[in-house]
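Enquirer: Whatever this is, show me its structure:
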Amino acid sequence: MAELRATYRLQLGPGLGFAQARELVPYLRDLGVSHLYLSPSLQARSGSTHGYDVIDPTHVSEDLGGEDELRRLCSAGLGVILDIVPNHMAATDENPFWRDPLWRAKFFDLDWRTGAHRRFFDVSELAGVRMEDPEVWEITHTKVLELARDGLIDGVRVDHPDGLANPRRYLERLRENGIDRVWVEKILEPGERLRPDWLVEGTTGYDFLNEVTALFVDPAGEEPLTRLYEELSGERRPWAEIAGAAKLEQARTTFADEVAQLTARLPFEADLERALASLHVYRTYVEPDTSRVSDQDRGVVAEAGLPEELARILLLEQRGHDTFVLRFQQTTPPVHAKGVEDTAFYRWNRLVALNEVGGDPSRFSLAVEDFHAANLARPPRGLLATTTHDTKRSGDVRARLACLAADPEEWSAIVRPRLEGWRDANEAYAILQTVVGAWPLDPDRLELYLEKALREAKVNTTWIDQDHEWEAGAKRYAVGLLADEELGRYAARLGAAAERVSLGMTLLKLTSPGIPDLYQGDELPFLALVDPDNRRPVNWELRRRLLGSPDAPAKLDAIRSALALRARRPAAFAGSYEPLDAGPDVCAFTRGAEVLVAVAVRGGLASANEPPGEWRDVYRTPHSRLAERVS
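Expert: Numbering: from 1, shown residues only. Coordinates of the predicted model:
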């Protein structure tokens, strides 16, 4: 397997198939990455733009170019990490396993009473797969295992492991069948740790993403920005209350069918909607077939405050309800995700840079010492991300919004006179942050984002009950802001300050314990909103030209320099992480005693006391420094 230095995520689809991806390999190799990180590449349904709606996992996608082209891509000079989707498949007649009634009963998680769900979140067209069945596992993994045995892929990224009946056993089977490098799209809530019995390299990096964002948010801005938000919006409830109410709302509406199926399996009355919404993490991992119950599971159930009889069932202290336990554990993740990520994150808008997958917006900032502690606890080969295909905002947008906390008085002066043009001040405040965070952006992009954001918030319009008049008014208000010259000048000033933050976040991603993951196009300034905005076509020719230029833009130069250093000194980045005492406003550390990193997180200079010896700068700005020891 190829040395794992850095991954580069490509979103394959119309216009970017295997052949087009192969043409990018020389550029990406010169950039310094070691591995392509491909979005799902098995056969998806007709017209799929993302590949997560698989119809036949035994065949490589013909729409992307077919197996021969995938094999050429995998042999073109970079390692390949493949995104796989074990939890669900598309429930359409294109799917041979769904089309045949016998295969359907074997493959899919069907409720024998009604013939319905298990759905992927709230998407009825995506049906849950019974991956716990050994035969189903074998059939669905035939092609992936073949690619691994042939040395074409170096590992896999597992989509949504929390939907599986037994994630631990699923991951164990991958290792038993020769796939040694596995990353999981596991969303860790603040304070939650990856299960130690999962045989994986680590997560896809949302924990790092949220920590590095909070590191650059000035804690002095918390009180004035909180006061401003409460005054303007009238919203004074704490984040936890808003998130809890949104989860309960989702349990009672979107997931009413799932609740009814769970209720039918319980021999006593219980408020299952409230129980499903009570967990502070995505789920527990109790295994009825092996009687495994971890202390972590017991802690989660205890913190949720569930009724005693229900808690005893979920912790296997009262047996005979194994199917209920499994289904409950598979239902809390969609309730949590839809309630928090796809509802509450669009309702609570104090500082939307913090409203990110796996994040806790009530944590306003992160101290340098806490960032060091998180780095010391990281798996050495987990992925480190700042932007992904699922982020609500790209790292560069979050960098701009983080800068609002540095001067809340100026932000307040910008905001107040501009909230008068729309009826919902909370909604308008979110729109204002979006506009300055992603400025400049086309009206079409802004309107498409607003349509999704407003419907996800489910306050004035929803996906099911669309208020087109309200949406049109919000779009007019938002697009009108794009012609606001004073707002444009403010956004430009914010952008200049945010470049420092973006570079700092990027440098820390490239040097912290773990494997840096770059998202397509993000080596240049990348101001993107939630999908599909973050999946827009990338100008590859521009990036090729700039990479070879001595005057490459700052972020591209930082990436190129840091990845070249990782190639020269792999032992250092696989070695120790030693924090340096550089004060509360500088994050400084060494890697393997050979690499020195210093990043100013509050706008000062990147100064730190050098360890003894001679050091040579690899990359340096007034606010960021990367150096290597001279041998």
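
Enquirer: by contact count, what packs against the helix or strand hosting residue 227?
Expert: Per DSSP states H and E, residue 227 falls inside helix 222-233. Judged by 3 or more CB pairs under 8 Å, 6 or more residues apart in numbering; DSSP states H and E, helix 222-233 is in contact with helix 408-415, helix 425-438. Heads up, the C-betas are built off the backbone N, CA and C, glycines and all.

Enquirer: Tell me which of the ones you listed sits most buried.
Expert: Comparing those by mean neighbour count (mean count of other CB atoms under 10 Å), helix 425-438 comes out on top with a mean of 23.

Enquirer: Strands along the stretch 351-500 of the chain, start to end?
Expert: Counting by DSSP state E, counting those that start in this stretch, the stretch 351-500 of the chain has strands at residues 383-384.

Enquirer: quick revisit: ok, residues contacting the helix or strand just after the helix holding residue 227?
Expert: Once the chain leaves helix 222-233, the next helix or strand it forms, by DSSP H and E, is helix 239-252. With contact meaning CB atoms under 8 Å, 6 or more residues apart in numbering, helix 239-252 is reached by 235, 259, 272-274, 276-278, 335-336, 338-340, 343-344, 347-348, 360-362, 458.

Enquirer: The helix or strand just after helix 239-252 versus helix 239-252: what angle between them?
Expert: Next in sequence after helix 239-252, counting helices and strands by DSSP H and E, comes helix 256-264. Helix 256-264 runs at 80 degrees relative to helix 239-252, counting by axes from the mean of the first three to the mean of the last three CA atoms, to 10 degrees.

Enquirer: so what does helix 256-264 touch, helix or strand wise?
Expert: Using 3+ CB pairs under 8 Å, 6+ apart: helix 256-264 touches helix 272-276, helix 322-336.

Enquirer: buried stuff in the last one?
Expert: So the one you mean is helix 322-336. Within helix 322-336, the residues that count as buried by 16 or more other CB atoms under 10 Å are 324-336.

Enquirer: Grab the CA positions of stretch 464-478 and hand them over as CSV.
Expert: As requested, the backbone C-alpha atoms of stretch 464-478 are provided in CSV (Å, rounded to 0.1, in the frame of the first residue of the first chain):
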residue,chain,number,x,y,z
ILE,A,464,-43.6,19.4,2.8
ASP,A,465,-45.7,22.6,3.3
GLN,A,466,-43.8,25.1,1.1
ASP,A,467,-44.8,28.7,1.5
HIS,A,468,-43.6,30.1,-1.9
GLU,A,469,-44.7,33.6,-1.1
TRP,A,470,-42.6,33.7,2.1
GLU,A,471,-39.6,32.1,0.3
ALA,A,472,-39.8,34.7,-2.6
GLY,A,473,-39.8,37.5,-0.1
ALA,A,474,-36.8,36.1,1.7
LYS,A,475,-35.0,35.8,-1.6
ARG,A,476,-35.7,39.3,-2.6
TYR,A,477,-34.4,40.6,0.8
ALA,A,478,-31.2,38.5,0.5
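
Enquirer: Where do the domain boundaries of this structure fall?
Expert: Following automatic domain parsing, one finds the domains of the chain at 8-185, 244-345.

Enquirer: Could you pull up the mean pLDDT of the shortest one?
Expert: What domain 244-345 shows for mean pLDDT is 97.

Enquirer: likewise stretch 531-544?
Expert: 96.

Enquirer: List the contacts of that stretch.
Expert: Counting by CB under 8 Å, 6+ apart, 11, 13, 15-16, 24, 27, 49-50, 387, 389-391, 394, 445, 448-449, 519-521, 523-524, 528, 556 sit against stretch 531-544.

Enquirer: May I see the PyMOL selection of the buried members of those?
Expert: Buried residues within these, by 16+ other CB under 10 Å, are selected in PyMOL with:
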select buried, resi 11+13+16+24+27+50+387+389+390+391+394+445+448+449+519+520+521+523+524+528+556
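
Enquirer: Inside helices: which ones of the contacts of stretch 531-544?
Expert: 24, 27, 445, 448, 449, 556 (DSSP state H).

Enquirer: if I pick the third one, what's in contact with it?
Expert: Contacts here follow CB under 8 Å, 6+ apart; on that basis residue 445 touches 438, 529, 533.

Enquirer: again, only this time at 10 Å
Expert: By CB atoms under 10 Å, 6 or more residues apart in numbering, the residues touching residue 445 are 438, 527, 528, 529, 532, 533, 536.

Enquirer: Now list the buried members of the residues you listed.
Expert: 438, 527, 528, 529, 532, 533.

Enquirer: Let me know the closest of the buried residues of helix 322-336 to residue 434.
Expert: Of all the buried residues of helix 322-336, residue 336 has the smallest distance to residue 434: 24.4 Å, by CB to CB.

Enquirer: so the closest one sits right up against residue 162, yeah?
Expert: Yes: Residue 336 is within contact range of residue 162, at 8.9 Å (criterion: CB atoms under 10 Å).

Enquirer: what's the overlap in contacts for the two?
Expert: 187, 281, 282, 283.

Enquirer: nearest residue to the third one other than its sequence neighbours?
Expert: What it means is residue 282. Nearest non-adjacent residue to residue 282, counting by CB to CB, 6 or more residues apart in numbering: residue 333, 4.5 Å away.

Enquirer: Just to check, the one you found is in contact with residue 283?
Expert: Yes: between residue 333 and residue 283 there is a contact under CB under 10 Å: 5.2 Å.
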